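In: Sequence first, then the predicted structure, then my questions.
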Amino acid sequence: MTAAFASSPWPAPSAHRSDKGWRFAQQLEAPAGWCFDLRRNVSISPRQLIAAYLLLCSVSLLVAGGFWWHGVGLVVVFTGIELVAVGVAMLMVARHAGDRETVTLSGREVAVEQRVGPGVERVTFRAEWLRVEPAAEDGSLVELSGEGRSVRIGRHVRPELRVELARELRRALRLLRSTGDRVVVHEQQQ
């Protein structure tokens, strides 16, 4: 028996990263700065969720209709209860599909926007006074604090990657502070 290896359909990782070593941050051109967009990992969009629910409803009602046709009307009642319960659960999932945290470093300001369901909370800090620390121990949320306020971020980041998120935030703050009023968009390789 012999083994044959097929080429991978995935592109080989590049030796030179075009993002200058940033995993979470994206550099902004105008106004110059960095944006950390931390989103919930959602495998199904709200539109696909509605389509799946409608398909489930049609199949369940078709089966319940068959039982009703044969004189077992109680199945229709339980099917209705099931579809209402599944609909409420899917509504809760769809309501939080757009949850995200956005941290924008631009000029001398750091803006943190947290979207949870329909609510949005926005906190701004001056970059000179901002501290980035873990909230408790390794793998905990990252706490941004300054000027008597604090906010915890990283809910949608895997716990083992939160340390790297904090490192990138500190790196972006150092670059922001070191340049004063102007922000260097293209960082030099070290």
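Out: Arrived safely, thanks for sending.
In: The longest helix anywhere in the chain - what's its average pLDDT?
Out: In the chain, assigned by DSSP state H, the helix with the most residues is helix 46-69. When pLDDT is averaged over helix 46-69, the result is 94.
In: Which helix or strand lies directly C-terminal to it?
Out: helix 74-95 (DSSP states H and E).
In: Name the next helix or strand following that following helix along the chain.
Out: strand 100-106.
In: Excluding sequence neighbours, find me the nearest residue to the spatially most central residue of the chain.
Out: The centre of the chain sits closest to R39, judged by C-alpha atoms, centre = their mean, with a distance of 1.1 Å. The shortest distance from R39 to any non-neighbouring residue, by C-beta to C-beta, 6 or more residues apart in numbering, is to R100 (4.4 Å). Placement of C-beta: from N, CA and C, glycine included.
In: Show the pLDDT at that neighbour.
Out: Taking R100 on its own, its pLDDT is 90.
In: Mind listing the residues bridging to G146?
Out: R149 (DSSP bridges).
In: List the residues that contact it.
Out: By C-beta atoms under 8 Å, 6 or more residues apart in numbering, G146 lies in contact with 125-126, 129-131.
In: which of those tops the neighbour count?
Out: Counting neighbours by other C-beta atoms under 10 Å, F125 leads these with 22 neighbours.
In: so what's the backbone phi/psi at that residue?
Out: Backbone torsions for F125, taken as degrees, to the nearest 10, come to phi -130, psi 150.
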